[in-house]
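Chemist: kindly generate the corresponding structure for this input.
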Amino acid sequence: MIRKTLTFTLALSLFAGLAFAADKEMASHDIVDTAVAAGSFETLVTAVKAAGLVDTLKGDGPFTVFAPTDEAFAKLPEGTVEALLADKEKLTAVLTYHVVAGKNLASDVVAASSLDTVQGGSLSIDTSSGVMVGSANVVKTDIVTSNGVIHVIDTVLIPEG
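Modeler: Below is the predicted model of the structure:
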């Protein structure tokens, strides 16, 4: 009985150690590398490159990124993505509207009524039916990176003006 308990305890410790190592491995990648590895942010990564924001989002941060998926970009009217990619100033404004300075985990986001973006605008937070940031539903939270955190959203946020 003692031997089985000891074996179980060692196996559990090993599993916990591997799980911790996997979390640490994921957190060792920056925001850009994490988005690339996820495979569902190809349009976002293309836009970040076109806007010249790769070095910024690979920098120290910390940053909170509300990252629209490829499906979110696909919901935009036809030609919108191409128009944004052709207008670096507007593209930069749209992308930085998805970024908040600091590391805001889900618990921080839901505790706020709004968050100020790097672009200069403000994103309203609504928790009355799930969690919404601006007009986007938050579909996955707390993807921790070495320089911040990513929250996945289902809609591209367009700043007013």
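Chemist: kindly list the longest strand within this structure.
Modeler: Scanning the chain for the strand with the most residues, using DSSP state E, yields strand 136-145.
Chemist: elements contacting that one?
Modeler: helix 2-27, helix 31-38, strand 63-68, helix 106-111, strand 148-153 (3 or more Cβ pairs under 8 Å, 6 or more residues apart in numbering; DSSP states H and E). (Each C-beta comes from the backbone N, C-alpha and C, glycine too.)
Chemist: of these, which shows the lowest average pLDDT?
Modeler: Among the helices and strands packed on strand 136-145, helix 2-27 has the lowest mean pLDDT, at a mean of 37.
Chemist: tell me how far the longest strand of the chain is from the chain's mean position?
Modeler: With Cα atoms, centre = their mean, to the nearest Å as the basis, strand 136-145 stands 6 Å off its chain's centre.
Chemist: which other residues reach that strand?
Modeler: For strand 136-145, the external contacting residues (Cβ atoms under 8 Å, 6 or more residues apart in numbering) are 23, 26-27, 29-31, 33-34, 38, 66, 68-69, 72, 105-106, 109, 130-132, 149-157.
Chemist: which ChimeraX command selects the buried ones in those residues?
Modeler: A single ChimeraX command selects the buried members of those (16 or more other Cβ atoms under 10 Å):
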select :29,30,31,33,34,38,66,68,69,72,109,131,132,149,150,151,152,153,154,155,156,157
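Chemist: CA atoms only: put stretch 62-76 into CSV for me.
Modeler: Taking C-alpha atoms only, stretch 62-76 is exported to CSV below (Å, rounded to 0.1, in the frame of the first residue of the first chain):
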residue,chain,number,x,y,z
PRO,A,62,3.8,44.5,-20.8
PHE,A,63,0.9,44.7,-23.1
THR,A,64,-2.7,43.4,-23.1
VAL,A,65,-3.8,42.5,-26.6
PHE,A,66,-7.4,41.9,-27.6
ALA,A,67,-6.6,39.7,-30.6
PRO,A,68,-9.2,39.2,-33.3
THR,A,69,-9.1,35.9,-35.0
ASP,A,70,-8.9,35.3,-38.8
GLU,A,71,-12.7,34.7,-38.6
ALA,A,72,-13.2,38.1,-37.0
PHE,A,73,-11.3,39.7,-39.9
ALA,A,74,-13.4,37.7,-42.4
LYS,A,75,-16.6,39.3,-41.0
LEU,A,76,-15.4,42.8,-42.1
